[in-house]
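*Asks:* coords please:
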Amino acid sequence: MEDISPLTNDITQRVQQNIEKIADIINVPYNWPLLDAIRHEICDCILVGSTQAAVTLTNHLLEKALKALLMHSEPSHQNYTDAAEIEAHFENLNNQYGGMVLQKTIDACADKGLITGEQAARLHGFRNKFRNAFGHADPKKTFGEAKKKIGIFNPLVHTEVQVTEVKVANFPFLQDTTQKQIADNDGTDYFRYVDSVIKDVMPKLFRQ
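*Replies:* Predicted structure coming up:
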């Protein structure tokens, strides 16, 4: 059997380096099976340093959570004893909210008083930064006006390295590492904020 200890040691080291980023919330789930599996995977991604994966899953968590919260905010008179009645109820809600774009979903949550205007504004900021940019692989939205210096060397034209500044959005050779850096810098904050919003809204709908 191949020795996998280098791999396990590397993972252990990364977890030790990243645990403090989410140590205070990692064991505080929603206790809502609809969302907890996604939340758990995001935490795993952050622990091992897979921050781009964490961003992508947080995009999914945000959309799924807000739509679920909207659905559960709708009045229901069913007694949850008839499967056909339950299915019909949620089919209607899926038709109403399932295809809604994130911008409208955030606004609908604000209109219903599920989230505050401040929370909506910040979620829209994350929507532009991560959902639209990362989700659609849009270089202009992902990298904006960010620039980096590079050295170009072509011995057929000149004998010295030509240093110049280029826009990352227009220079695909720089985008891989730059996108990873963006996710490393801000991806965990994105998840933590979405997590906090969900935990803030849930008591308004699911009272003990």
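*Asks:* and residue 112, what is it in contact with?
*Replies:* For residue 112, the contact set (CB atoms under 8 Å, 6 or more residues apart in numbering) comprises 70, 73. Quick note: C-beta positions are derived from backbone N, CA and C, even for glycine.
*Asks:* Could you pull out the buried residues of the longest helix seen in the chain?
*Replies:* Determined from DSSP state H, the single longest helix within the chain is helix 175-205. Within helix 175-205, the residues that count as buried by 16 or more other CB atoms under 10 Å are 175, 178-179, 182-183, 187-188, 190-195, 197-198, 201-202.
*Asks:* ditto for stretch 86-105
*Replies:* Buried residues in stretch 86-105, counted by 16+ other CB under 10 Å: 89, 93, 97, 100, 102, 105.
*Asks:* Let me see the mean pLDDT of the longest helix of the chain.
*Replies:* For helix 175-205, mean pLDDT rounds to 91.
*Asks:* ok, now stretch 116-130?
*Replies:* Stretch 116-130 carries an average pLDDT of 94.
*Asks:* how about the CA coordinates for that stretch, as PDB?
*Replies:* What follows is stretch 116-130, C-alpha atoms only, in PDB (Å, rounded to 0.1, in the frame of the first residue of the first chain):
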ATOM      1  CA  THR A 116     -32.400  44.300   7.500                       C
ATOM      2  CA  GLY A 117     -31.600  46.900   4.900                       C
ATOM      3  CA  GLU A 118     -28.000  46.800   6.100                       C
ATOM      4  CA  GLN A 119     -27.800  43.000   5.800                       C
ATOM      5  CA  ALA A 120     -29.400  43.200   2.300                       C
ATOM      6  CA  ALA A 121     -26.800  45.900   1.200                       C
ATOM      7  CA  ARG A 122     -23.900  43.800   2.400                       C
ATOM      8  CA  LEU A 123     -25.300  40.600   0.800                       C
ATOM      9  CA  HIS A 124     -25.600  42.500  -2.500                       C
ATOM     10  CA  GLY A 125     -21.900  43.500  -2.100                       C
ATOM     11  CA  PHE A 126     -21.000  39.800  -1.700                       C
ATOM     12  CA  ARG A 127     -23.300  38.900  -4.600                       C
ATOM     13  CA  ASN A 128     -21.400  41.200  -6.900                       C
ATOM     14  CA  LYS A 129     -18.000  40.200  -5.600                       C
ATOM     15  CA  PHE A 130     -18.400  36.400  -5.400                       C
END
